[in-house]
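Participant: Got a predicted structure plus its sequence, pasted below:
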Amino acid sequence: MPQPFVVIVPHQLGKQTARDRLERGFNTIRSELAAYTTSMESSWSGDQLSFSVQSIGQSITGTMDVLEQAVRVEVDLPWFLALAAEKIVARIRQTGQSLLM
């Protein structure tokens, strides 16, 4: 099984403002992905969001930790999606930056 990959997205919003923006943004992302997934679960525990996405019989899981000056996203991918990890990392970074602007 491939190692999880980590994306760090810096911000200057402070922890609470960043968390609020990400919470609203994650709901938008959920809507956009609905057509491609069979299920998407998420739950906040303090400043950490745990998530899982089911699609085409595969599971993607991860966490998003909101820190004072950055957001740390860690994602576990099935082996065949790990082949596209660079594109997925770029998309996570791009989406994170747009939500935190």
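Facilitator: That came through fine.

Participant: can you map out the strands along the chain?
Facilitator: Under the criterion DSSP state E, the chain contains strands at 5-10, 39-45, 48-55, 58-66, 70-76.

Participant: Out of the ones you listed, which is closest to residue 92?
Facilitator: In terms of CB to CB, the element of the strands of the chain nearest to residue 92 is strand 5-10, at 4.8 Å. All C-beta atoms are positioned from the backbone trio N, CA, C, and that covers glycine.

Participant: tell me which strands and helices that closest one is in contact with?
Facilitator: Applying 3 or more CB pairs under 8 Å, 6 or more residues apart in numbering; DSSP states H and E, we find strand 5-10 packed against strand 70-76, helix 85-99.

Participant: Name every strand pairing with that strand and say which way it goes.
Facilitator: strand 70-76 (antiparallel) (DSSP bridges).

Participant: Now do the strand it pairs with against strand 48-55, angle only.
Facilitator: Relative orientation of strand 70-76 versus strand 48-55 (axes from the mean of the first three to the mean of the last three CA atoms, to 10 degrees): 40 degrees.

Participant: one step back: mean neighbour count, the helices and strands packed on strand 5-10: which tops it?
Facilitator: Stretch with highest mean neighbour count among those: strand 70-76 (a mean of 19; mean count of other CB atoms under 10 Å).

Participant: and the angle for it with strand 58-66?
Facilitator: 160 degrees.

Participant: if we can go back for a sec, could you tell me the least trusted of the helices and strands packed on strand 5-10?
Facilitator: When the helices and strands packed on strand 5-10 are compared on mean pLDDT, helix 85-99 scores lowest, with a mean of 88.

Participant: Noted, bye for now.
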